[in-house]
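J.: turn this into a model:
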Amino acid sequence: MGFPHHRVSTVIFDVDGTLIDSNAAHAEAWAQALTEHGILRDAASIRPLIGMGSDKLLPTLGLEEGSPLGHAVARRKK
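T.: Numbers count the residues shown, from 1 in each chain. Purely as a prediction, here's the structure:
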């Protein structure tokens, strides 16, 4: 006897980091973008901020999101 065969009618795939923890990668990308613009922050200090948009994250790090530097860092992070 084999296993019964069931049809799958629905599959849900979640891409916001729940199935794959991408927080470390995002923190590293922010740290690298900041460092390239002369702002030294390590990924460990940024990781608790992951989940904030750049409009909240950058001011938390002492940058104005709307400033030329804030725009440059956010563009580089992407």
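J.: now the helices: where do they sit in the protein?
T.: 23-36, 43-46, 54-60, 68-77 (DSSP state H).
J.: distance to residue 6, mean neighbour count and mean pLDDT added to those, as JSON lines?
T.: For glycine as for every other residue, the C-beta is placed from the backbone atoms N, C-alpha and C. Shown next, in JSON lines, are the helices of the chain (distance: least, C-beta to C-beta, whole Å; neighbours: other C-beta atoms under 10 Å; pLDDT from 0 to 100):
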{"stretch": "helix 23-36", "distance to residue 6": "34", "mean neighbour count": "17", "mean pLDDT": "96"}
{"stretch": "helix 43-46", "distance to residue 6": "43", "mean neighbour count": "16", "mean pLDDT": "97"}
{"stretch": "helix 54-60", "distance to residue 6": "44", "mean neighbour count": "16", "mean pLDDT": "95"}
{"stretch": "helix 68-77", "distance to residue 6": "43", "mean neighbour count": "16", "mean pLDDT": "95"}
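J.: so which of those gets nearest residue 5?
T.: helix 23-36 (38.2 Å; C-beta to C-beta).
J.: other residues contacting that closest one?
T.: 17, 40-44, 46-47, 49-51, 57, 61, 73-74, 76-77 (C-beta atoms under 8 Å, 6 or more residues apart in numbering).
J.: just put the helices of the chain in a markdown table and tack on distance to residue 13.
T.: Shown next, in a markdown table, are the helices of the chain (distance: least, C-beta to C-beta, whole Å):
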| stretch | distance to residue 13 |
| --- | --- |
| helix 23-36 | 19 |
| helix 43-46 | 27 |
| helix 54-60 | 26 |
| helix 68-77 | 25 |
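J.: so which of those helices is nearest residue 8?
T.: helix 23-36 (29.7 Å).
J.: off-centre distance for that closest one?
T.: 8 Å (C-alpha atoms, centre = their mean, to the nearest Å).
J.: make 645 the starting number, not 1.
T.: That works, and once the first residue is 645, the last one we named lands at helix 667-680.
J.: send the alpha carbons of it over as CSV?
T.: Taking C-alpha atoms only, helix 667-680 is exported to CSV below (Å, rounded to 0.1, in the frame of the first residue of the first chain):
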residue,chain,number,x,y,z
ASN,A,667,17.5,40.9,7.8
ALA,A,668,21.2,40.2,8.0
ALA,A,669,21.6,40.9,4.3
HIS,A,670,19.6,44.1,4.5
ALA,A,671,21.6,45.3,7.5
GLU,A,672,24.9,44.5,5.6
ALA,A,673,23.7,46.4,2.5
TRP,A,674,22.8,49.5,4.7
ALA,A,675,26.2,49.3,6.4
GLN,A,676,28.0,49.0,3.1
ALA,A,677,26.1,51.9,1.6
LEU,A,678,26.7,54.1,4.6
THR,A,679,30.4,53.2,4.7
GLU,A,680,30.8,54.1,1.0
